[in-house]
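Trainee: need coordinates for the below:
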Amino acid sequence: MLKEGGEANALASGAMGLGKKGSFANWLKAQDLTATGKSSDEVWNETGWFQHPIDKGWRMEIPDANAKFDFDKFMELTDEKKAWAPHDEYLQNKWGFVRDKLKEKGIDVPASGNMSTDITKLSEALYDKNNALDWRWVKDLRDEANKTFGSQPPMPKRPTLDQIIDHSELFQIYPELRGVQVQREWNPLYRGSYNEETNRLALKPAAEYGDPGSGPLSTGLHEIQHGIQSIEDLERGANPGAVSQDFIGQMEEFFNKSTPAQLSDDDFLKAIMEFETDPRSMGYRRSIGETEARNVQKRLRLLQRGFTPRDLELNNPLGTMDVPANAQYRLNELLTGFGGQ
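Mentor: Residues are numbered from 1 along each chain as shown. Got it, this is the predicted structure:
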C-alpha cells in the first residue's frame, strides 16, 4: 500500500516501468486533472494513475518486467512428501515408543503399516479395561512420551511467496505479500487460486505450462493480484459457482429488452453469446476483479512478445482489458443481483 502523507489505493495491474511516477503527489494530481475534465488516457500519461469507471478506485501499475518465478525451487519447497516427513517421523517414533512399552506389559499391538490405524489400535489398547492397565501407568507413559517427543507433531512448513517469486518492487510496496504461503494446486480445474482467509496461494505443478518459467509466473501474478485486491479492499476475484440466480434472471430480462441499437454493439453481442453459452461463466469473466487479474497476465504477455516497459507505460491499462471497463460487474452484483444487499 502507498502511504505517503496519506492513503492511496495502489493496485498492481500489469507490468511497466513507472519509476517514481506512481507517487502520492501524482495521485492527487490525477484527481485534480480528472475534475477538470481530462480523459483517462491523459490522466494516465501525466500521472501514471487511472480510475476504474465503475468502482471508482484509483490504481497505479507496479512494474512486472523484472519479475521472475523459480519453478525448480517451487517444486522442491512444495513437495508434500518432504513437507510432511518430520510430522510422520514424529508419529512413528512416538507411537513406536508406546508400542514397545505396551509389549513390556504383555500387550502386543502389531503394526499394520497404516499409521492412522496403528495409532487408533495403540490408543484403544492403552484404555482397554480388559487389559487391566493401571490408569496411573497409562498417564505416566503418555507424560513420558510427550516429554521425550513433544506433545504435538511438527506441522509442514509452507514456503512463502518471496521464496518463489523475485519481485523486489512488489514486495517493497506490499511487504505483507512476502509472507503469503505457497502450495501446489491439486484441483484439476484450476491453474492457481488464492484464499484470502488462509492467506495461501496455490499454483499448478503440471508440466503443461510449456515454459515453466513464464507459465506459473503469469498465473502467480494473476493470483497475487487477488491478494492485492484484498489488501486494498477493492473488487475481489470471483468464481462461476458464486454467480447468483438473481443475477442470471436479471441479465436475461435485460437482454430480452435490448434494443437493436444495443445489439449492434460488438461487445454487447459478445456478452449475449457468452450468456447464452454459460451465464455463470459470463458473469465470472466480466467481474472487475477477474478482468483486472487477467489484464496483469495480458500485459506480461505483451512484454514477453517484445513490448518494452516504455511501450506499456504509454498504454493505459483500461485499454488493454479483454472486457471493457463499463461492461464489467461488481462482485456484489454477481452474488445478489443488481440492487441486492
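
Trainee: ok, which stretches of the stretch 101-250 of the chain are helices?
Mentor: Secondary structure of the stretch 101-250 of the chain, counting by DSSP state H, counting those that start in this stretch: helices at 115-126, 135-149, 161-164, 168-173, 215-232, 245-256.

Trainee: can you tell me which of those helices is most buried?
Mentor: For those, the largest average neighbour count (mean count of other C-beta atoms under 10 Å) is found in helix 215-232, namely a mean of 23. No exception for glycine: its C-beta is placed from N, CA and C like everyone else's.

Trainee: and that one, what does it pack onto?
Mentor: The contact analysis (3 or more C-beta pairs under 8 Å, 6 or more residues apart in numbering; DSSP states H and E) places helix 215-232 against strand 68-69, strand 165-166, strand 192-195, strand 200-203, helix 288-304.

Trainee: about what we covered before: and Asp278, which of the helices of the stretch 101-250 of the chain is closest to it?
Mentor: Ranking those by distance to Asp278, with C-beta to C-beta as the measure, places helix 245-256 first at 10.3 Å.

Trainee: what's that closest one packed up against?
Mentor: With contacts taken as 3+ C-beta pairs under 8 Å, 6+ apart, helix 245-256 sits against helix 266-277, helix 279-285, helix 331-336.

Trainee: related to what we said a few turns ago, of all the helices of the stretch 101-250 of the chain, which lies closest to Ala25?
Mentor: With respect to Ala25, and counting by C-beta to C-beta, the nearest of these is helix 168-173 at 15.9 Å.

Trainee: how far off centre is that closest one?
Mentor: In terms of C-alpha atoms, centre = their mean, to the nearest Å, the centre of helix 168-173 is found 17 Å from the chain centre.

Trainee: pLDDT on that helix, on average?
Mentor: Along helix 168-173, the predicted confidence averages to a pLDDT of 90.

Trainee: ok, Trp27 to Glu46 distance?
Mentor: When C-beta to C-beta, to the nearest Å is applied, the distance between Trp27 and Glu46 equals 12 Å.

Trainee: these two: which has the busier surroundings?
Mentor: When Trp27 and Glu46 are compared for neighbours, Trp27 comes out ahead with 22 against 14, by other C-beta atoms under 10 Å.

Trainee: if we can go back for a sec, Asp134 is nearest to which of the helices and strands packed on helix 215-232?
Mentor: With C-beta to C-beta, the closest approach to Asp134 among the helices and strands packed on helix 215-232 belongs to strand 200-203: 45.8 Å.

Trainee: what strands flank the closest one, and is each parallel or antiparallel?
Mentor: The pairing partners recorded for strand 200-203 under DSSP bridges are strand 181-184 (parallel), strand 192-195 (antiparallel).

Trainee: flag every buried residue along the last one.
Mentor: With burial defined by 16 or more other C-beta atoms under 10 Å, the residues of strand 192-195 counted as buried are 192-195.

Trainee: for that strand, output the C-alpha coordinates as PDB.
Mentor: Taking Å, rounded to 0.1, in the frame of the first residue of the first chain, the C-alpha atoms of strand 192-195 are listed here in PDB:
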ATOM      1  CA  GLY A 192      -4.000 -21.400  -9.500                       C
ATOM      2  CA  SER A 193      -6.000 -20.000  -6.700                       C
ATOM      3  CA  TYR A 194      -5.700 -17.500  -3.800                       C
ATOM      4  CA  ASN A 195      -7.500 -17.900  -0.500                       C
END
